[in-house]
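*Asks:* The following comprises the amino acid sequence and a computationally predicted model.
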Amino acid sequence: MEVTFLGTGSAMPTGDRMQTGLLVTHDDRRLLVDCGSGVLHRLAATDAGYEGVSTVLLTHLHLDHVADLLPLLKARWLAGEEHLEVVGPVGTKGLVDGLLSVHGYLDGRVDLQVREIVASETVSVGGFSVESRETQHSIDGLAYRFTVDGDDAEFAFSGDTEAFAGMARFVEGCRVVAHDCSFPDSVDVDGHPTPSQLGEAFADSDVDHLYLTHLYPHTEGTHEEMCASVAESFDGEVHVARDGLRVSVS
């Protein structure tokens, strides 16, 4: 299994980081997780391209995680790819219907399938086994754990959430985890964790590699300090994710 960070930024653009998006691949399986602004362009630069991704999994419905969903649909249609499946939490169908009402000429031209899932389910999405867990954010959302039949490697993505012990338990046994770490410790924030909060929540975790993502402009110039703050409590390796970074989970 391999993870490509397409967008590691937030709702406040920096010019260097696109909004949230991950590409999870294994052999010929390709799954796009979240589709924020700029993710379509990053996806076009991958080996898979947007033509090769027919399934999108959403963590939650905030704009910086879904803004490129309709542009993705249109780009695939223009490229002759007339199928797309969108999977996400309750409310995903309403979101997709609303997008199509704005750009209605795509409605009926593509085979668009929408599936809603709830926390604590394990479902098949894009050829991956995906387990979900509720997050702690300003709206309902889901964190995901990904596995593939015949591969012991497991990857987890938090989506947008505060750091809490239940999330650390959810990702137990995963070699690689990508987790929201939106702000440095100097910022008082709800709905997202600071590095010290993340480290404390993962203090007893057996995760090998923890990647910090969903980085607001406030984190610029503090990345080494953030990693050190997480590492005060967390024993694994801490990394700051960047757009285009490819990580082997296997």
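*Replies:* Cool, the structure landed.
*Asks:* And what about the residue lying farthest from the centre of the chain, helix, strand or coil?
*Replies:* Relative to the centre of the chain, and counting by CA atoms, centre = their mean, the farthest-placed residue is residue 105 at 28.8 Å. Put simply, residue 105 is helix when judged by DSSP: H, G, I helix; E, B strand; the rest coil.
*Asks:* Would you check how far apart residue 190 and residue 166 are?
*Replies:* Using CB to CB, to the nearest Å, we find residue 190 at a distance of 17 Å from residue 166. To be clear about C-beta, it is placed using only N, CA and C from the backbone, and glycine gets the same treatment.
*Asks:* who's more crowded, those two?
*Replies:* Using other CB atoms under 10 Å, the more surrounded residue of residue 190 and residue 166 is residue 166, with 14 against 8.
*Asks:* show me the contacts for the more buried one.
*Replies:* Contacts here follow CB atoms under 8 Å, 6 or more residues apart in numbering; on that basis residue 166 touches residue 133.
*Asks:* And the lowest mean pLDDT element among the helices and strands of the protein?
*Replies:* When the helices and strands of the chain are scored by mean pLDDT, DSSP states H and E, strand 151-157 comes last with a mean of 88.
*Asks:* Mind jotting down where the helices sit in the protein?
*Replies:* 39-44, 63-66, 69-78, 92-102, 165-170, 195-201, 223-231 (DSSP state H).
*Asks:* export those to a markdown table and tack on distance to residue 133?
*Replies:* Putting the helices of the chain into a markdown table (distance: least, CB to CB, whole Å) gives the following:
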| stretch | distance to residue 133 |
| --- | --- |
| helix 39-44 | 23 |
| helix 63-66 | 17 |
| helix 69-78 | 23 |
| helix 92-102 | 17 |
| helix 165-170 | 5 |
| helix 195-201 | 14 |
| helix 223-231 | 20 |
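*Asks:* Between these, which one is closest to residue 245.
*Replies:* Closest to residue 245 of the helices of the chain is helix 39-44 (CB to CB; 10.9 Å).
*Asks:* May I see the buried residues of the closest one?
*Replies:* Using 16 or more other CB atoms under 10 Å as the test for burial, helix 39-44 gives 39-40, 42-43.
*Asks:* returning to what we had before: quick one: the helices of the chain as CSV, columns for distance to residue 135 and mean pLDDT too.
*Replies:* Shown next, in CSV, are the helices of the chain (distance: least, CB to CB, whole Å; pLDDT from 0 to 100):
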stretch, distance to residue 135, mean pLDDT
helix 39-44, 20, 98
helix 63-66, 12, 98
helix 69-78, 19, 96
helix 92-102, 15, 94
helix 165-170, 8, 96
helix 195-201, 13, 97
helix 223-231, 19, 98
